[in-house]
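Peer 1: need a structure here:
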Amino acid sequence: MKWITREQIRIDRVSSAWLIKKFVDPAAEFLFAPRMEVMPRAQAENAIPFHVPDAELGQRDGKTAFDAILAKYNLTDPVLLLMADMVRAADRRLSEPAEGAGIAAMSHGFAAMGLPDDQVLALQIPMWEALYHFCRTKVKT
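Peer 2: You can find the predicted model right below:
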């Protein structure tokens with residue numbers, strides 16, 4: 001399936017793409033477009049939009065797209081819920097959990113490299129996989 005989000009991906013969009021690929025659609029193909037082009041292109045490409053206004057899998061009420069994906073696909077693993085707290089902290093610049101600050105710094109650092117979005121995603125996937133395993137040790141599932 002195709003999935004689409006805004007270009008210049010950072011925290012929530014990258015973490016959401018990782019979540020989709022790992023737990024929802026292992027064959028996911030990601031597309032990136034300017035903000036105003038995401039919804040029309042989603043329709044034209046038969047792609048699922050995420051992290052954009054008016055998308056089912058968007059940010060609402062202080063929640064991230066990562067949260068929306070967890071809810072839509074009934075992903076209730078405590079490890080993923082802990083990661084959602086960290087994504088929210090990074091995306092909203094909250095002080096807790098403390099890991100959010102590190103996630104934000106890494107994500108913005110990747111963005112500052114000026115790479116194409118597909119490269120940014122490919123480079124960050126191992127970071128999110130490592131965070132998932134770190135969270136597993138904290139939750140002890």
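
Peer 1: Quick one: the strands in this protein, in order.
Peer 2: Under the criterion DSSP state E, the chain contains strands at 2-6, 29-33, 47-49.

Peer 1: which residues in this structure form helices?
Peer 2: With DSSP state H, the ranges of helices along the chain come out as 11-19, 38-45, 65-72, 78-92, 99-112, 117-139.

Peer 1: could you list every residue that touches Gly58?
Peer 2: Gly58 is in contact with 49-52, 65, 68, counting by CB atoms under 8 Å, 6 or more residues apart in numbering. (Glycine included, C-beta is placed from N, CA and C.)

Peer 1: quick one: which of these is nearest Met86?
Peer 2: Distance to Met86 across the contacts of Gly58 (CB to CB) is lowest for Ala65, with 14.2 Å.

Peer 1: Arg136 contacts Asp77, doesn't it?
Peer 2: No. Taking contacts as CB atoms under 8 Å, Arg136 lies outside contact range of Asp77: 9.3 Å.

Peer 1: Phe32 and Phe50, how far apart?
Peer 2: According to CB to CB, to the nearest Å, Phe32 and Phe50 sit 11 Å apart.

Peer 1: Where does pLDDT dip in the chain?
Peer 2: Within the chain, the ranges that satisfy pLDDT under 70 run 141.

Peer 1: Name the nearest residue to Ile9, ignoring sequence neighbours.
Peer 2: Asp117 (5.1 Å; CB to CB, 6 or more residues apart in numbering).

Peer 1: ugh, wrong one, I meant Phe66
Peer 2: The nearest residue in space to Phe66 (CB to CB, 6+ apart) is Val87, at 4.5 Å.
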